[in-house]
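Participant: I need the structure of the sequence given here:
(one chain, ligands or ions: 1)
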Amino acid sequence: MANKTNIRTASASISIPKLRSEFKDRVIAPGDPDYDKARTVFYGGVDKHPAVIIKVADTNDVVRVVNLARESGLELAVRSGGHSTAGHSVSEGGIVLDLSNMKGLEIDTESRTAWAETGLTAGELTTALGAHGLAVGFGDTGSVGIGGITLGGGVGYLVRKYGLTIDNLLAAEVVTADGQIRHVDEQTHPDLFWAIRGGGGNFGVVTRFKFRLHKVPSVVGGMLILPATPEKIAGFIAESEAAPEELSGIGNVMTAPPMPFLPAEVHGKLIIMALLVYAGEAEAGERALAPFRALATPYADMLKPMTYPEIYPPEEGAGEYHPVAASLTMFVDRVDRSVAETIVDHLHSSSASMAVAQLRVLGGALARVPVDATAFAHRNSKIMVNIAALYEKPEDKATHEAWVADFASALRQSDKGAYVNFLAEEGEERIHAAYPGATWDRLAEVKARYDPTNLFHLNQNIQPVSA
Ligand code: FAD
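Facilitator: You can find the predicted model right below:
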């Protein structure tokens with residue numbers, strides 16, 4: 001590809017040589033050897049060619065890139081860990097503000113707080129905090145960026161004990177569309193602080209978060225693999241609901257991949273791949289996990305006492321794995337035997353290389369926060385379900401999307417909500433499902449105050465509406 005030096009759009013142009021002189025080696029443009037790697041995001045099937053990728057070094061860089069985007073009229077994509085389900089952290093023809101070099105971290109063990117820059121991944125931050133026996137909960141995957149997961153809510157292995165990631169957010173530094181650096185917390189810009197706790201990247205670039213930390217010196221947890229009959233699935237959910245709040249987990253109901261620790265005769269069978277964490281004393285943890293082990297003779301039992309960062313084992317082929325998936329996020333009120341039968345039937349009927357129904361029982365600390373306290377509105381939701389079909393051939397897209405839609409409509413109960421961090425490109429109605437009623441109206445007003453021209457629109461977008 002030719003090395004383009006000047007990129008023109010309808011409204012303006014940017015000069016790559018000028019940017020290189022301003023941002024030194026942090027500018028990557030078409031034709032550069034690392035361009036293709038730098039424009040690649042986690043999910044496959046996203047093939048966008050930005051005009052420039054700027055790897056910002058600090059908050060002042062962020063201000064300059066935000067100003068550049070506003071003044072040039074080029075589309076702005078903001079990237080932390082690059083795991084957006086919708087591929088929102090890269091732009092076709094625009095500017096990518098890549099935060100991945102911003103990994104500054106200040107831990108205050110006295111006050112049990114930390115300021116963390118948003119180029120850190122969940123795994124990196126968890127490991128650094130773990131060295132002090134401290135933790136804040138993120139999700140199930142270490143390579144997810146703390147930027148995206150925190151801004152959308154953050155549902156992970158400490159959710160029932162300590163709430164969502166945002167329930168442990170004390171403050172943030174945000175560069176808004178006007179290029180201002182704003183400190184936000186309950187006292188300063190409380191409207192913005194409310195909005196960034198669930199409202200995603202709509203309101204500005206968050207350069208760093210201040211988290212409240214918890215003492216989590218050790219946990220009991222890991223992977224437990226059980227046969228996935230309707231009875232066992234319903235039993236797994238019932239035990240998850242009955243478990244103490246120290247226990248949070250995920251039940252991935254799926255066809256067993258040929259994992260080396262599984263007997264060959266299990267490969268291809270439907271399993272519950274449970275990922276469980278008991279955040280507390282080992283003995284109590286063993287007691288809390290016993291009912292899960294008793295559900296059936298496990299195909300594999302890797303539950304053990306461990307340090308919290310061990311929940312993020314090294315990700316094989318990290319950086320090379322780019323799955324393509326049809327997926328859908330929803331909440332259900334119950335998974336009884338008949339719902340579990342629906343799950344089993346649909347998983348059996350999929351032709352995907354991997355089809356999965358991921359089930360997470362919520363409640364606990366997450367549910368004790370008032371619905372209107374943050375922009376995450378699903379405090380009363382009982383069980384989060386994420387349906388996904390991974391596939392290889394683009395021509396099979398429609399088949400797998402139809403399977404996902406059919407499965408979801410068979411599962412649908414009274415809860416019509418959606419979790420923003422698992423939304424793909426699904427249209428405005430689904431964004432409203434993530435931000436129902438008053439939450440949407442309030443977000444739209446805050447958007448109008450801080451981003452009236454919708455500079456930050458590569459996200460699950462909330463259009464600005466003045467009150
Ligand atoms: P990015 O693609 O970099 O960003 C996602 C969105 O947030 C984009 O719109 C981006 O512009 C915006 N953004 C990112 N950083 C900033 C910032 N600093 N300032 C402003 N805007 C920003 N979620 C859970 O809650 N729990 C889980 O267990 C979980 N597991 C996952 C596992 C996998 C394999 C994947 C792919 C996703 C998972 N998620 C989970 C969803 C995840 O939280 C979202 O995809 C999240 O948005 C990814 O964050 P990121 O920073 O990696 O992504």
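Participant: what sits closest to the residue of the chain found nearest the ligand if chain neighbours are left out?
Facilitator: The chain approaches the ligand most closely through Gly148 (2.0 Å), counting by CB to the nearest ligand atom. All C-beta atoms are positioned from the backbone trio N, CA, C, and that covers glycine. The shortest distance from Gly148 to any non-neighbouring residue, by CB to CB, 6 or more residues apart in numbering, is to Ser80 (5.3 Å).
Participant: which stretches in this structure count as helices?
Facilitator: 16-23, 35-38, 59-72, 122-130, 146-152, 159-162, 190-196, 230-242, 282-293, 337-349, 365-368, 397-411, 428-434, 437-450 (DSSP state H).
Participant: make CSV from those and add mean neighbour count and mean pLDDT to it.
Facilitator: Shown next, in CSV, are the helices of the chain (neighbours: other CB atoms under 10 Å; pLDDT from 0 to 100):
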stretch, mean neighbour count, mean pLDDT
helix 16-23, 15, 95
helix 35-38, 15, 96
helix 59-72, 19, 97
helix 122-130, 22, 98
helix 146-152, 29, 98
helix 159-162, 25, 98
helix 190-196, 21, 98
helix 230-242, 20, 98
helix 282-293, 17, 98
helix 337-349, 16, 98
helix 365-368, 18, 98
helix 397-411, 16, 97
helix 428-434, 17, 97
helix 437-450, 19, 98
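Participant: now those helices as a markdown table including distance to Phe261?
Facilitator: Formatted as a markdown table, the helices of the chain follow (distance: least, CB to CB, whole Å):
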| stretch | distance to Phe261 |
| --- | --- |
| helix 16-23 | 47 |
| helix 35-38 | 32 |
| helix 59-72 | 44 |
| helix 122-130 | 22 |
| helix 146-152 | 28 |
| helix 159-162 | 27 |
| helix 190-196 | 41 |
| helix 230-242 | 19 |
| helix 282-293 | 16 |
| helix 337-349 | 22 |
| helix 365-368 | 32 |
| helix 397-411 | 28 |
| helix 428-434 | 37 |
| helix 437-450 | 43 |
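Participant: my guess is Tyr157 contacts Ile311. True?
Facilitator: Yes. With contact defined as CB atoms under 8 Å, Tyr157 and Ile311 form a contacting pair (5.7 Å).
Participant: contact residues of the stretch 151-300 of the chain facing the ligand?
Facilitator: With CB under 6 Å from any ligand atom as the criterion, the stretch 151-300 of the chain meets the ligand at residues 151-156, 200-201, 205-206.
Participant: what about 8 Å?
Facilitator: 151-156, 164-165, 174, 200-201, 203-207, 250 (CB under 8 Å from any ligand atom).
Participant: common neighbours of Tyr157 and Ile311, please.
Facilitator: 140, 219, 221, 275, 277 (CB atoms under 8 Å, 6 or more residues apart in numbering).
Participant: tell me if I'm right that the fourth one and Gly139 touch.
Facilitator: The reference is to Leu275. No. In this structure Leu275 lies outside contact range of Gly139 using CB under 8 Å: 10.7 Å.
Participant: what residues are up against the residue nearest to Arg70 when sequence neighbours are not counted?
Facilitator: Counting by CB to CB, 6+ apart, the nearest residue to Arg70 once its immediate chain neighbours are dropped is Leu455, at 5.7 Å. With contact set as CB under 8 Å, 6+ apart, Leu455 has these partners: 66, 69-70, 76, 177.
Participant: neighbours around Gly31, how many?
Facilitator: 12 (other CB atoms under 10 Å).
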